[in-house]
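Enquirer: Any chance you can model this:
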Amino acid sequence: ESNFRKLPHAKIPETLFDFDRIERGTSMRHDFVIHNSGNAPLAITFESNTCKCTGVEMAGSRVEKGQSIRVPENEKTNITLEWAAKTEAGPFRHGARFSTNDPRNSSIELEVNGQVVESTSMWPAELLFGTVQAGKEKKTYLYVMSFLNQKVAVSEFKITPSELLERMEIQISPAEKSEL
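Expert: Here you go, the predicted structure:
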């Protein structure tokens, strides 16, 4: 049998994973499967990641840049990307690059993306009534919103200075979607 036929072949069914929404301050992980469908061992080396917030595991062990694993012929391995959402709310896309000894697939880029959200938010951040004439009524609204499909309930509130509460009426009720 010729040496030409003894080659690894990296098959990667998925190179991008969408986390959808991720709460700021948390982290999420995703396993990417790499199958060596060739007839020689596949060497995979971790080359770089887009930021320190993206951790990399190969075959179940945390790795640093320059570390490698070997995948025997006709076997699979997992490469796990773990992303820590330390950024402000908004879209993200991060990943890692790997080199291989597969001449047809010598570089592999794996990425995760999604949207960083705060689990809950208030809008507006503060209530401003402006000038209210004596004997007149003025209404203002404060919305407490959930971005992770959680039910939100106001269990208590505090008005400062407390003397204001004597001149106010507070009503707490669910908002209609049309109000948001």
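Enquirer: The lowest-mean-pLDDT helix or strand in the chain pairs with which strands, parallel or anti?
Expert: Of all regular secondary-structure elements in the chain, judged by mean pLDDT, DSSP states H and E, the least confident is strand 120-123 with a mean of 76. Taking DSSP bridges as the criterion, strand 120-123 forms sheet pairs with strand 143-146 (antiparallel).
Enquirer: So which bits of the partner strand are buried?
Expert: Within strand 143-146, no residue qualifies as buried by neighbour count (16 or more other C-beta atoms under 10 Å). No exception for glycine: its C-beta is placed from N, CA and C like everyone else's.
Enquirer: Please read off the pLDDT at the residue nearest the centre of the chain from the model.
Expert: By C-alpha atoms, centre = their mean, the chain has its centre lying nearest to residue 22, at 4.2 Å. In this model, residue 22 is scored at 88, pLDDT.
Enquirer: Report the contact partners of the closest residue to it other than its chain neighbours.
Expert: Distances taken as C-beta to C-beta, 6 or more residues apart in numbering place residue 85 nearest to residue 22, at 4.8 Å, with adjacent residues excluded. Residue 85 makes contacts with 22, 23, 24, 25, 26, 27, 28, 53, 92, 116, as judged by C-beta atoms under 8 Å, 6 or more residues apart in numbering.
Enquirer: how does it look with 6 Å?
Expert: Residue 85 sits next to 22, 24, 26, 116 when contact means C-beta atoms under 6 Å, 6 or more residues apart in numbering.
Enquirer: that older thread, helix or strand for the residue nearest to the centre of the chain, just tell me which one.
Expert: strand 16-23 (DSSP states H and E).
Enquirer: elements contacting the helix or strand just after that strand?
Expert: Going down the chain from strand 16-23, the next helix or strand is strand 27-36, by DSSP H and E. Packing partners of strand 27-36 (3 or more C-beta pairs under 6 Å, 6 or more residues apart in numbering; DSSP states H and E): strand 16-23, strand 76-84.
Enquirer: Right, I'll call it a day here.
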